[in-house]
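K.L.:
I would like the atomic coordinates for the input below:
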Amino acid sequence: MSRLPALRRAAAREWGPLCSTVRRGLAGRGVRALALTLTAVALTATVQVVQNQAWGYRPVQNLGAVRADDPLWLALLRTPLSLFVPALDLPVWGALAQILLVFGIAEVCLGRWRTLTVAYVATLAGTLYARIGIALGPETFPGLPASDAQVVDTGPSAAVVGLAVYVCHQRRAWLTGALVVLAMVVEVLVKDNLAGREHLAAIAAVLVVCGVQEWRGRRHSTQDPGAGGSGARSGAPPMRSWNLRRGPAQRTSWW
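P.N.:
Next up is the predicted model:
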């Protein structure tokens, strides 16, 4: 018996809602649906060109390079731009491809501001984890060696990982989300460095956000008399939500 129909059904369950949302979003708004993503790609490419110039390296470092031994207030000021500063030891096309794919899907599914918020939360989680890990020291599991305090912490990877997990949670693509998490765990096991640890910190922060949203959604549904049952029959307004038929972003609550 052929397994192809079963695989097709499994793929449809896993990626069908996500693909439908992206297709409708692009068909309805065209390139405007990717305004944030295209801006991020252009900004990252521009920063890459500038930082590779003799006159541009120092300004980029002053504005967007984050290290764990920097003062906290300075690191917080630099963190938003650091997301768009490609790592010098990695090919820039990788960062651009990550932003175009993951940011693009997230922007269509979540909207511009929620995409930015989740990306910043994930990046900030990695930045703060580096400080905590260095303070704990290498003797503990989450600890980091003191030498990592001098590592330049830039690039979109933490934001990309966080957005991927968040979108998978919102669209109930559980297998894909689990594979993303598993890949980051394997990354740390194979090459245990600051970047890999920060990816796990970003995932942990996003999962906390998802958990809080789920809890708030369930709490709201139990307290709102219009969520269903007798409340719905009595004419109370239903709980506000979006689904695949009503709009491009399916959600239970936002903050």
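
K.L.:
And for Arg67, the neighbour number?
P.N.:
19 (other Cβ atoms under 10 Å). Where you see a C-beta, it was placed from the backbone N, CA and C, and this is true even at glycine.

K.L.:
Would you enumerate the residues in contact with it?
P.N.:
75, 149-153 (Cβ atoms under 8 Å, 6 or more residues apart in numbering).

K.L.:
Hmm, Val167 is touching Leu110, no?
P.N.:
Yes: using Cβ atoms under 8 Å, Val167 is in contact with Leu110, at 6.9 Å.

K.L.:
Could you tell me which of the contacts of Arg67 belong to helices?
P.N.:
The helices, defined by DSSP state H, take in Ala75 from those.

K.L.:
Quick check, central residue of this structure?
P.N.:
Leu163 (2.0 Å; Cα atoms, centre = their mean).

K.L.:
mind putting the contacts of Arg67 in a markdown table, neighbour count included?
P.N.:
Listed next are those as a markdown table, based on neighbours: other Cβ atoms under 10 Å:
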| residue | neighbour count |
| --- | --- |
| Ala75 | 21 |
| Ala149 | 17 |
| Gln150 | 9 |
| Val151 | 18 |
| Val152 | 16 |
| Asp153 | 24 |
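
K.L.:
Leu101: which of the contacts of Arg67 is nearest?
P.N.:
Asp153 (22.4 Å; Cβ to Cβ).

K.L.:
Now the closest one: closest residue in space that isn't a chain neighbour?
P.N.:
Val66 (4.6 Å; Cβ to Cβ, 6 or more residues apart in numbering).

K.L.:
contacting residues around Gly64?
P.N.:
47, 78, 81-82, 84-85, 154.

K.L.:
State the distance from it to Val167.
P.N.:
According to Cβ to Cβ, to the nearest Å, Gly64 stands 25 Å off from Val167.

K.L.:
now Gly28
P.N.:
The value you get for Gly28 to Val167, if Cβ to Cβ is used, is 19 Å.

K.L.:
ok, these two, which is more surrounded?
P.N.:
A side-by-side neighbour count of Gly28 and Val167, using other Cβ under 10 Å, places Val167 first with 24 against 11.

K.L.:
got the contact list for that one?
P.N.:
18, 102, 105-106, 109-110, 173.

K.L.:
now these: which count as buried?
P.N.:
Buried by 16 or more other Cβ atoms under 10 Å: 18, 102, 105-106, 109-110, 173, out of the contacts of Val167.

K.L.:
Which member of those is positioned nearest Arg219?
P.N.:
Leu110 (21.8 Å).

K.L.:
Quick check, pLDDT for the closest one.
P.N.:
pLDDT for Leu110: 94.

K.L.:
That one contacts His169, doesn't it?
P.N.:
No: the pair Leu110 / His169 is not scored as a contact, 11.0 Å apart, by Cβ under 8 Å.

K.L.:
Show me the helices in this structure, by range?
P.N.:
So, for the chain - with DSSP H - the helices run 4-29, 35-51, 57-64, 72-82, 92-98, 104-110, 112-136, 157-170, 174-190, 194-223, 229-233.
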